[in-house]
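In: Compute the structure for the input listed below.
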Amino acid sequence: MIPTYPEFAPLELDAREALYPNLNLLPDGISEFTFAGLYLFRHTYNYRISRLPDGNLVISGHRREKSFFYLPCCFPSVDLFDKLMHQYDYMRHMSETQANQHRIELEARGYLVFEDRDNFDYLYNREDLATLNGRAYHKKRNLVNGFVSSYSCEQRAFTKARIKDALAVLEEWRTAKGVDGDYAAARDALEHFEVLGLRGAVYYIENEPVGWCLGEPLAKGKMFAIHFEKACDRFKGIYQFINQAFAQSLAKHYRYINREQDLGDEGLRQAKMTYRPVGFVKKYMVFHPDRADFAPQPLEPPAECGPGTVHECSDD
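Out: Below you'll find the model as predicted:
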C-alpha cells in the first residue's frame, strides 16, 4: 500500500505491481527509474515512496547526509513542487524530457538547475558492442580473441536453477576485490530476479560458473540496461567476452545498451569511454537558491558529444 503525500512508506517488494507499469513507460531510459533499480538500492539511499494527489509518484531518499526526491513520472503543481523543494535539500535525477519542459520556468522562479555529469548513463549501439568492428575496438577484439583461444566458454540463459552458480561467482568477485561494493544489491538481484523482471546470462568454462550479467529493458524497449556484470577475473579477457556475447544475444530491437553511470570515478569513466559511447542519458539536479551550498558548478555538455538526450559522437 503506497500512502498519499505527505505520508511516506519504505519501498518494499510488494510495491512492484503499483510502480512497474508507469516506470516501464518512461521514455528517457534513466537506469535508476525501474522498479528493480529502485528496490535493489532501497537501503543504500533509504528510499521511501508516496503517491501525489494526481496519482503520480514521489520518491525520497538520502545521499551524503543530504535529502533528495525523485519525480520519475511527472511534475506536480507549482505549489506542490515548491513544498517539496523546501522539504528536501534538492531534486535528483530530473530527466532531460522534464528539463526541456520545465527548466526555463524553474530558473525563472529562482531555482538552480545543474547537469549531473557523474550520473549520466552511458549509451552504446548494441551492434557496436556485438561486433566490435573498426579500429577503435582493436584492443577489445584482441582481448576477446585471446580469451576465446584459451577457453571454451558457454553462455546459458539465467534461470532459477542457475542462481547458486551466479552466487558462487559473486562470492569470488567480492573476495578478489576485497570490498563489498554493490555486493548486497547484486545478491538481492540474483535471488529475486524473476519478480524484479530481470533477465541475463551465466557463463561457464568446463561447466564451472565464471561470470554472469543481469539487466532489463528501458525506454519502451528501445534500450537494454546492464545493471550487474560480475566475473572471475583470473580469466583474462572475460569481461570483454561477456560484454560482446551478451550484446550478441539481445534482440535487434534493442538499439542501445545502457551501461549506467561512472559516479565520478575517473578510472571507470575512462574504461566506459573506451567502448565508444554514442551518447548519454542526461540527468539534472534542482536546488533552491537558499539551500545550494553543496551544489556543483554548471557543466557544459560532454566535449565528446553534442546536444540531445542521445548525444551522437563522431567516428574518429
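
In: which helix of the chain spans the most residues?
Out: helix 163-177 (DSSP state H).

In: Please name every helix or strand in contact with that helix.
Out: helix 183-191, strand 199-205, strand 208-218, strand 223-231 (3 or more C-beta pairs under 8 Å, 6 or more residues apart in numbering; DSSP states H and E). (Glycine included, C-beta is placed from N, CA and C.)

In: give me that answer again for 6 Å
Out: With contacts taken as 3 or more C-beta pairs under 6 Å, 6 or more residues apart in numbering; DSSP states H and E, helix 163-177 sits against helix 183-191, strand 208-218, strand 223-231.

In: how about those, which one is nearest residue 260?
Out: Nearest to residue 260, of all those, is strand 223-231, at 6.8 Å by C-beta to C-beta.

In: Buried residues, the closest one. List them.
Out: Residues of strand 223-231 classed as buried by neighbour count (16 or more other C-beta atoms under 10 Å): 223-231.

In: got the domain boundaries for this structure?
Out: Domain ranges of the chain: 9-120+279-291, 123-260, per automatic domain parsing.

In: distance between the ends of the last one?
Out: Across its full length, domain 123-260 reaches 8 Å end to end, with C-alpha to C-alpha, to the nearest Å as the criterion.

In: Other residues contacting stretch 216-236?
Out: Contacts to stretch 216-236, defined as C-beta atoms under 6 Å, 6 or more residues apart in numbering, come from residues 27, 29, 31, 34, 169-170, 172-173, 186, 189, 197-198, 210-215, 238-239, 250, 254-259.

In: Same check on stretch 107-122?
Out: Residues outside stretch 107-122 that contact it (C-beta under 6 Å, 6+ apart) are 31, 103, 106, 258-261, 263-264, 272, 277, 280-287, 289, 292, 295-296, 298-299.

In: In ChimeraX, select just the buried ones from the residues you listed.
Out: To isolate the buried members of those in ChimeraX, using 16+ other C-beta under 10 Å:
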select :31,103,106,258,259,260,261,272,277,280,281,282,283,284,285,286,287,292,295
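
In: what's near enough to touch the nearest residue to residue 22 once chain neighbours are set aside?
Out: Closest residue to residue 22 apart from its sequence neighbours, by C-beta to C-beta, 6 or more residues apart in numbering: residue 73 at 4.9 Å. By C-beta under 6 Å, 6+ apart, residue 73 lies in contact with 22, 56-57.

In: So which of these sit within strands?
Out: If you go by DSSP state E, these have residue 57 in strands.

In: of all the contacts of residue 73, which comes closest to residue 11?
Out: Once C-beta to C-beta is applied, the member of the contacts of residue 73 that ends up nearest residue 11 is residue 57, at 10.4 Å.

In: Could you list everything the closest one pairs with in the sheet?
Out: residue 51 (DSSP bridges).

In: tally of neighbours for it?
Out: Neighbourhood size, residue 57 [other C-beta atoms under 10 Å]: 22.

In: Okay, it and residue 2: tell me how far apart.
Out: Plainly put, residue 57 is 8 Å away from residue 2 if you go by C-beta to C-beta, to the nearest Å.

In: got it, and residue 184?
Out: The spacing between residue 184 and residue 2, counted by C-beta to C-beta, is 24 Å.

In: Those two: which has the busier surroundings?
Out: Neighbour totals were compared for residue 184 and residue 2, and residue 2 leads with 17 against 13 (other C-beta under 10 Å).

In: Now that one: closest residue in space, sequence neighbours ignored.
Out: Of all residues beyond its chain neighbours, the one nearest residue 2 is residue 51 (4.9 Å), with distances taken as C-beta to C-beta, 6+ apart.

In: so who does residue 11 touch?
Out: Each residue near residue 11 by C-beta under 6 Å, 6+ apart is listed here: 42, 47, 49.
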